[in-house]
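1. I would like the atomic coordinates for the input below:
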Amino acid sequence: MHEETEERGRALGIAFDFRRARRGNTFDAHRVIQMARDHGVQDAVNKRLMAAYFSEGGAIGDRATLADAAGTAGLDRSAVAEMLESDRYAADVRSDEREAAALGITAVPFFVLDRRYGVEGAQPAEVLLEAMRTALADRAESSA
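-> Predicted coordinates for the structure are as follows:
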């Protein structure tokens, strides 16, 4: 699975390197992403965290690694480090976890379309496009 994902990534210009990836608890990373949302830099921080983990061997569960990555993507590093020493954004992450469980999400990536369709796993673009077309057609049909 990792080899296939690395191959698909290369075709898209994404450098996955699962040999370097260091597993860890992602709860704090999700808290950082919540903080980034509040500061309008969620996409940049999310991309930076993903690159640090999937390409550079950054420890996703290490608070210093998270603060450094977020600091290079638009958040103040010291503010991130301070937040991580508190319980801020924990309730937001727990709420997201409850919502995912209610939707039946058990794997990542998982794409939710119009809160009615789900696509699990790293799928080819054609699969995602077909799912989006189906969701859009169903929405148009239910609106008619």
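
2. Contacts only, for the residue nearest the centre of the chain.
-> In the chain, the residue lying closest to the centroid (Cα atoms, centre = their mean) is Asn46, at 6.4 Å. Shown in contact with Asn46 (Cβ atoms under 8 Å, 6 or more residues apart in numbering): Ile33, Ala36. Heads up, the C-betas are built off the backbone N, CA and C, glycines and all.

3. in what helix or strand does it lie?
-> Assigned by DSSP states H and E, Asn46 falls within helix 42-54.

4. List the buried residues in that helix.
-> Applying a neighbour-count criterion of 16 or more other Cβ atoms under 10 Å, one finds Gln42, Ala44, Val45, Asn46, Arg48, Leu49, Met50, Ala51, Ala52, Tyr53, Phe54 buried in helix 42-54.

5. Make TSV from the residues you listed and add pLDDT to it.
-> TSV is the format used below for those (pLDDT from 0 to 100):
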residue	pLDDT
Gln42	97
Ala44	97
Val45	97
Asn46	95
Arg48	95
Leu49	94
Met50	88
Ala51	88
Ala52	90
Tyr53	85
Phe54	80
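
6. Show me this protein divided up by domain.
-> Listed by automatic domain parsing, the domain ranges of the chain are 2-95, 104-143.

7. tell me the most buried of those domains?
-> domain 2-95 (a mean of 16; mean count of other Cβ atoms under 10 Å).

8. what are the ranges of the helices in this protein?
-> Ranges of helices within the chain are 2-12, 27-38, 42-54, 63-71, 77-84, 90-102, 125-143, based on DSSP state H.

9. The first one packs against which elements?
-> Of the remaining helices and strands, none touches helix 2-12 by 3 or more Cβ pairs under 8 Å, 6 or more residues apart in numbering; DSSP states H and E.
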